[in-house]
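> Curious how this folds, go ahead:
(one chain, ligands or ions: 1)
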Amino acid sequence: MKIAVVGTGYVGLVTGTCFAETGNQVICVDIDQNKVARLQKGEIPIYEPGLDVLFDRNIEEGRLKFTTDLAEGVKDAEVIFLALPTPPGEDGSADLKYILGVANDLGTLLDHYVVIIDKSTVPVGTAEKVRAAIAKNAIVEFDVVSNPEFLREGVAVEDFMKPDRVVVGTTSELAKKVMESLYAPLVRQGNPVIFMDERSAEMTKYAANSFLALKITFMNEIANLCEKVGANVDDIRRGIGTDSRIGKRFLFAGIGYGGSCFPKDVQALAKTSSDYGYDFRTLKSVMAVNDDQKKKLLPIVSEYFEGDLAGKTIAVWGLAFKPYTDDIREAPALENIKALLAAGAKVTAYDPEAMDNVKKILPEVAFCHTAYAALDDADALMIFTEWPQFRTPDFEKMGNLLKEKVIFDGRNLYELSQMADLGFTYYSVGREP
Ligand code: UGA
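Next up is the predicted model:
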């Protein structure tokens, strides 16, 4: 099939590359000339494990191309993916200017039947708006389909190639056939393509992310209560996760969720609810609890140093909002570092991927080449991201480097008994120190 992907952000690049890998002819379109020039030279502007191998192969075998020219992109396309940003506006609603801008242009360019697919996370009713924007100028038949992505950063290639399910919102029989054949190579193991109307598909995406954010937030509150009653949240997780109605995943308590998706989507669904006059109370709680959770360790650190952080050096392990990404959007580490600096502390930090991004916004942090270098002469360690290399460190070396053997762990990486045996003062989330 001939596929155009408009927008070469994270979703567009993964979608384009993976559909090239399944044998399609893919052309990715972006208005950013520098980005397209880099992509044409074979450079990937994002960090996503496993993407490079597929990217290189498909460029070399001529199935993956890039252009800044929308007309060239859509010339022979049978399907056109829209993978454009939908940044949140002041009021939390998703801004559709990029998507509707391209939709307007598409209307004048189309000269044959094509399926246009909303891949971005867009509010309920967007497919209808896109259809109307194209129809203003279009002289040919076309369909607009909602096909939300469920890719996690860091494992996006795997999520794309082996999806739990593919959600397709369309009532057009022709579009259904096109979508079925497009996804046939990816759902061979029996995972379904679920068809529904456009509005339900759009809503499915928000419901999925909001439910996961709720699941994490619920566990974070259980953790907070565990600290008060003297229970251990890890045991609670094991105890409830084995109930197949609850499920084992996304039950890890910590210092709150971050990233570009959960915070934005929870906020956008809350906004949709209020627009429609519905008071979605659980969503409001999720947002409020998560905001507090991100700052949870700060008073504990402050109390440990008797309210005086001035002149102290705090080492930070992990800056990205989660492992296997350099993405720092809404990352809990940032807010904590800002508060530490404001309280007069010095911050030394290490992250395997995200340091360059943090350097741009927090240049006063001392960035280190290794996790251990960040500990040298520091008064304490704070952990914000569960990179695997932090899980089984050389504790003896840590103890020798740190001025005080104290760790504030926002990701519950270590066993309490082990830390006690090693003589560390250890604070984590939802477990008695
Ligand atoms: C999320 C969804 O998981 C994807 O399905 C969705 O496609 C994507 O948003 C999107 O809308 O584009 P992502 O933001 O990449 O993916 O990251 P997750 O792995 O879901 O983690 C989100 C946050 O939740 C992270 O800050 C993570 O540390 C936190 N988390 C996750 C927990 O605190 N506890 C958990 O048990 C799991």
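
> Does the ligand have contacts with the longest helix seen in the chain?
For the chain, the helix with the greatest residue count under DSSP state H is helix 198-229. Yes: counting by Cβ under 6 Å from any ligand atom, the ligand has neighbours in helix 198-229: 209, 212, 216. In short, each C-beta sits where N, CA and C put it, glycine included.

> Show me what that helix is packed up against.
Based on contacts counted as 3 or more Cβ pairs under 8 Å, 6 or more residues apart in numbering; DSSP states H and E, the elements that helix 198-229 packs against are helix 126-135, strand 142-146, strand 166-169, helix 233-241, helix 262-275, helix 281-294.

> For the nearest residue to residue 367 once chain neighbours are set aside, give me its contacts.
Beyond its immediate neighbours in the sequence, the residue positioned closest to residue 367 (Cβ to Cβ, 6 or more residues apart in numbering) is residue 355, lying 4.8 Å away. Contact analysis of residue 355 by Cβ atoms under 8 Å, 6 or more residues apart in numbering lists 319, 349, 367.

> Those in strands, which ones?
Counting by DSSP state E, the contacts of residue 355 place 349, 367 in strands.

> which of the contacts of residue 355 are close to the ligand?
Residues shared between those and the neighbourhood of the ligand: none [Cβ under 6 Å from any ligand atom].

> Which of the contacts of residue 355 sits closest to residue 90?
Of all the contacts of residue 355, the one sitting nearest residue 90 is residue 319; the distance, using Cβ to Cβ, is 27.1 Å.

> still on that earlier bit, which one (most neighbours) among the contacts of residue 355?
The most crowded member of the contacts of residue 355 is residue 319, carrying 29 neighbours; neighbours defined as other Cβ atoms under 10 Å.

> Do I have it right that it meets residue 352?
No: with contact taken as Cβ atoms under 8 Å, residue 319 and residue 352 are classed as non-touching, separated by 9.5 Å.

> joint contacts of these two?
Jointly contacting residue 319 and residue 352 under the rule Cβ under 8 Å, 6+ apart is no residue at all.

> which parts of the stretch 251-400 of the chain sit against the ligand?
Among all residues of the stretch 251-400 of the chain, those adjacent to the ligand (criterion: Cβ under 6 Å from any ligand atom) are 251-252, 254, 257-259, 261-262, 321-322.

> at 5 Å instead, please
Along the stretch 251-400 of the chain, the residues adjacent to the ligand under the rule Cβ under 5 Å from any ligand atom are 252, 254, 257-259, 261, 321-322.

> Need the worst-confidence member of those residues.
Among these, residue 261 has the lowest pLDDT, at 91.

> how about the strands in this structure?
If DSSP E is used as the criterion, the strands of the chain fall at 2-6, 25-29, 64-67, 79-82, 114-118, 142-146, 166-169, 193-196, 313-317, 346-350, 366-367, 380-383, 406-409, 425-427.

> Format the ones you listed as CSV; extra columns: mean pLDDT.
As requested, the strands of the chain are exported to CSV (pLDDT from 0 to 100):
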stretch, mean pLDDT
strand 2-6, 98
strand 25-29, 98
strand 64-67, 98
strand 79-82, 98
strand 114-118, 98
strand 142-146, 98
strand 166-169, 98
strand 193-196, 97
strand 313-317, 98
strand 346-350, 98
strand 366-367, 98
strand 380-383, 98
strand 406-409, 98
strand 425-427, 97
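
> Redo those strands as TSV? Include distance to residue 42.
Putting the strands of the chain into TSV (distance: least, Cβ to Cβ, whole Å) gives the following:
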stretch	distance to residue 42
strand 2-6	17
strand 25-29	13
strand 64-67	10
strand 79-82	22
strand 114-118	26
strand 142-146	31
strand 166-169	29
strand 193-196	32
strand 313-317	33
strand 346-350	30
strand 366-367	28
strand 380-383	36
strand 406-409	40
strand 425-427	46
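
> pLDDT score assigned to residue 206?
Predicted confidence (pLDDT) for residue 206: 96.

> Go ahead and confirm it touches residue 121.
Yes: A contact is recorded between residue 206 and residue 121 when judged using Cβ under 8 Å, the distance being 7.2 Å.

> Identify the contacts common to these two.
Residues touching both residue 206 and residue 121 by Cβ under 8 Å, 6+ apart: 265, 268.

> Look up how far the ligand lies from the most far-flung residue of the chain relative to its centre.
Of all residues in the chain, residue 139 has its C-alpha farthest from the mean position, at 38.3 Å, by Cα atoms, centre = their mean. When distances are taken as Cβ to the nearest ligand atom, to the nearest Å, residue 139 and the ligand turn out to be 35 Å apart.

> what comes up buried for the helix or strand bottoming out on mean pLDDT in the chain?
Within the chain, confidence by mean pLDDT, DSSP states H and E is lowest for helix 262-275 among all helices and strands, at a mean of 93. For helix 262-275, burial by neighbour count (16 or more other Cβ atoms under 10 Å) applies to 262-274.

> ok, now stretch 199-208?
Neighbour-count burial for stretch 199-208, with 16+ other Cβ under 10 Å as criterion, is recorded at 199, 201-206, 208.

> how does this protein divide up, domain by domain?
By the assignment in automatic domain parsing, the chain contains the domains 2-196, 205-293, 295-427.

> Quick check: end-to-end length of the last one?
End-to-end distance of domain 295-427: 14 Å, with Cα to Cα, to the nearest Å as the criterion.

> Which residues are in contact with residue 354?
Taking Cβ under 8 Å, 6+ apart, we find residue 354 in contact with 319-320, 325-328, 331, 385.

> and if we set it to 7 Å?
319-320, 326, 328 (Cβ atoms under 7 Å, 6 or more residues apart in numbering).

> Is it correct that residue 413 is in contact with residue 390?
Yes: shown here, residue 413 and residue 390 form a contact pair, counting by Cβ atoms under 7 Å, at 5.9 Å.

> Pull up the overlap in contacts between these two.
Counting by Cβ under 7 Å, 6+ apart, the residues touching both residue 413 and residue 390 are residue 383.

> mind putting the contacts of residue 355 in CSV, distance to residue 407 included?
As requested, these are arranged in CSV below (distance: Cβ to Cβ, whole Å):
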residue, distance to residue 407
319, 17
349, 15
367, 20
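
> Out of the contacts of residue 355, which comes closest to the ligand?
residue 319 (12.2 Å; Cβ to the nearest ligand atom).

> Relative to residue 197, how far out is residue 173?
Taken as Cβ to Cβ, to the nearest Å, the spacing of residue 173 relative to residue 197 amounts to 13 Å.
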